[in-house]
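Peer 1: Generate coordinates for the sequence data below:
(2 chains)
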Amino acid sequence: MILAVTGGKGGVGKSTVAYNLAAQLDGCVVDGDLAMADLPAGHGPDLHDVLAGRATPAEAVCEDGPVTMVPCGRTLAGARAVDPTALADTLETLDRRHRWVVVDSPAGLRADVGLPLAVADAAVLVTTDSTAAIADALRVRELARELGAGLCRVVLNRVEDDPATAAVADRFGAPVVAVPDSDALATAQRHGRPVERTAPDSAAAGAFESLAAAVYSCSSV
Amino acid sequence: MVTFDCSASHHDGVTLVTVCLRDLDVSTRVTVRNCLDGPVWPPRREGLPEAGWSATGFSGVLDAGSHALGYATPARPEGPPAELADAVPVPEADPVGDRSDRPADVVRDLGDPSPPGDAVPGAGTASTSSEDISPPAKQAGQSSTADTDVTAATADSEGLSDRDVSVGDAGEPAARDGAPHEPDAGADHIASLPSELGPWLAEMERRADTAEMLSAAETVPEATTAVREAGGLDGVRALAEADDERQLRLVARRARRLADRRAEASIPVETLATLA
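Peer 2: Residues are numbered from 1 along each chain as shown, chains lettered A, B, ... in the order given. Reported below is the predicted structural model:
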């Protein structure tokens, strides 16, 4: 199952959510931000190599880290040399080998956001409770709808006490999972580790557990 | 019933062909074939040919009504430029151009996410081929493998050095655990540098501090202090015009290159000692 983690606005925590969700699902996370990769780098072939035809998707899968992932190259030249349309085939190929393929989408509304949505079975939208982030996430929801990716959950990220989850759920027409603002989570992400490993008892780890459970329930519908 | 006519005009070595299909009663699948002795340069959006175009011409479903199709070719206009090879009414089919989730359509609709060529250091030559009158070769498929390879090679050669310096903030696993913050070139770091560099870096740091103070000043007292710190208005002007940033970046780049060379060159101390 291909799951696009997306949200429109930059800096709302898409990569953190994608990485931790993939860890919970024991899936493969793909760093889909072709020009500004966020997830940890690997040592072998990366997504740039795959999309430029220099490596197969399987060769780019990096299994020696805490989460199975396809890292993305860091160079602008590499980003320029890729054929973005190949992303669709790449994700479908990975989907045949992994139960869960979680795509960390870039910010914006260009084709690198649209392509994962076009092949995804479901989308997880990430937003903070700021008006700007919600407005952008609503735009991506429209795109996901047009491209046939069902909205599975909205992640309301970095919430303080008493988040307005009901209002956000109402706005998006989808259930909301709130992820608390957490130092443990930020530190884990900075070190390239899922929070379930570094702070399994933290509220953030609990939030990703319930997000993963929700995604499971989406897949069985 | 379909009325077909076409015309061609030649400008600067390129022939522009205009095809008109009029009075389609229902949605119709049409095939228009290029008759000129040269490749079809189809209309493109975001570097990709519009839906329905191929190397030989256009084939796709058009809505009822009248339509114009146009393409370019390097061939000279001799005889009729195009022909209507086929026209089959297909009332049920979706006309070409409707949004779909095919990858090429997504890229056309939403825009190519690749960074612009100008943004890629040293790749200026790679994306300009001699026949680059047709749009960016990188996505045109098989016809452009040579181009893609050149760009790819650039990517490879730059990959290593770039990767080494730019990954930090993404949270490299393990290796950076012990050093969450990059050394910030503060005074204590200057102390461990060669003595020739220390004073110069300290001066650069002092000037950066002053510049930051000037830029952050929001009230009159703050601005007054900052200007006094900078040595009066003349000092402010001199600071604004100084070339500090470029110089620092030059030094950084050179230092990085040297560091890379040192990292590459492993010195076989033990072997040499044995030989001696």
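
Peer 1: So A:Glu196 sits against A:Gly206, correct?
Peer 2: No: the criterion here is CB atoms under 8 Å, and A:Glu196 misses it with A:Gly206 at 9.4 Å. In short, each C-beta sits where N, CA and C put it, glycine included.

Peer 1: between these two, which one's more packed in?
Peer 2: A:Glu196 (21 against 15; other CB atoms under 10 Å in any protein chain shown).

Peer 1: tell me the strands in chain A, going along the chain?
Peer 2: Secondary structure of chain A by DSSP state E: the strands cover A:2-6, A:28-31, A:68-70, A:101-104, A:122-127, A:150-159, A:176-180.

Peer 1: Next, format those as CSV and append mean neighbour count and mean pLDDT.
Peer 2: Output for the strands of chain A, formatted as CSV (neighbours: other CB atoms under 10 Å in any protein chain shown; pLDDT from 0 to 100):
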stretch, mean neighbour count, mean pLDDT
strand A:2-6, 28, 96
strand A:28-31, 28, 97
strand A:68-70, 26, 96
strand A:101-104, 30, 97
strand A:122-127, 28, 96
strand A:150-159, 23, 94
strand A:176-180, 23, 95
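
Peer 1: Could I get the ones you listed in TSV, plus columns for distance to B:Glu196?
Peer 2: Formatted as TSV, the strands of chain A follow (distance: least, CB to CB, whole Å):
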stretch	distance to B:Glu196
strand A:2-6	50
strand A:28-31	42
strand A:68-70	45
strand A:101-104	46
strand A:122-127	50
strand A:150-159	47
strand A:176-180	51
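
Peer 1: Could you list the low-confidence segments of the stretch 151-276 of chain B?
Peer 2: B:151-192 (pLDDT under 70).

Peer 1: 50 - rerun?
Peer 2: Across the stretch 151-276 of chain B, the ranges flagged by pLDDT under 50 are B:151-188.

Peer 1: any chance of the strands of chain A in a markdown table, plus distance to chain B?
Peer 2: Formatted as a markdown table, those follow (distance: least, CB to the nearest CB, whole Å):
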| stretch | distance to chain B |
| --- | --- |
| strand A:2-6 | 12 |
| strand A:28-31 | 9 |
| strand A:68-70 | 11 |
| strand A:101-104 | 11 |
| strand A:122-127 | 13 |
| strand A:150-159 | 13 |
| strand A:176-180 | 17 |
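
Peer 1: Pop the domain breakdown of chain B in here.
Peer 2: B:3-108, B:187-265 (automatic domain parsing).

Peer 1: can you map out the helices along the chain?
Peer 2: Let's take chain A. Under the criterion DSSP state H, helices of chain A are mapped to A:14-25, A:47-51, A:57-60, A:76-81, A:86-97, A:111-119, A:131-146, A:165-172, A:183-190, A:195-198, A:203-219.

Peer 1: The chain in question should be chain B.
Peer 2: According to DSSP H, the helices that chain B contains are B:103-110, B:145-166, B:187-191, B:197-216, B:220-229, B:232-241, B:244-264, B:269-275.

Peer 1: Can I get those helices in a markdown table including distance to B:Gly70 and mean neighbour count?
Peer 2: A markdown table is the format used below for the helices of chain B (distance: least, CB to CB, whole Å; neighbours: other CB atoms under 10 Å in any protein chain shown):
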| stretch | distance to B:Gly70 | mean neighbour count |
| --- | --- | --- |
| helix B:103-110 | 17 | 23 |
| helix B:145-166 | 26 | 17 |
| helix B:187-191 | 63 | 11 |
| helix B:197-216 | 53 | 14 |
| helix B:220-229 | 61 | 13 |
| helix B:232-241 | 53 | 12 |
| helix B:244-264 | 48 | 11 |
| helix B:269-275 | 70 | 8 |
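
Peer 1: Could you export these as a markdown table, including distance to B:His67?
Peer 2: As requested, these are exported to a markdown table (distance: least, CB to CB, whole Å):
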| stretch | distance to B:His67 |
| --- | --- |
| helix B:103-110 | 18 |
| helix B:145-166 | 33 |
| helix B:187-191 | 68 |
| helix B:197-216 | 58 |
| helix B:220-229 | 65 |
| helix B:232-241 | 59 |
| helix B:244-264 | 55 |
| helix B:269-275 | 77 |
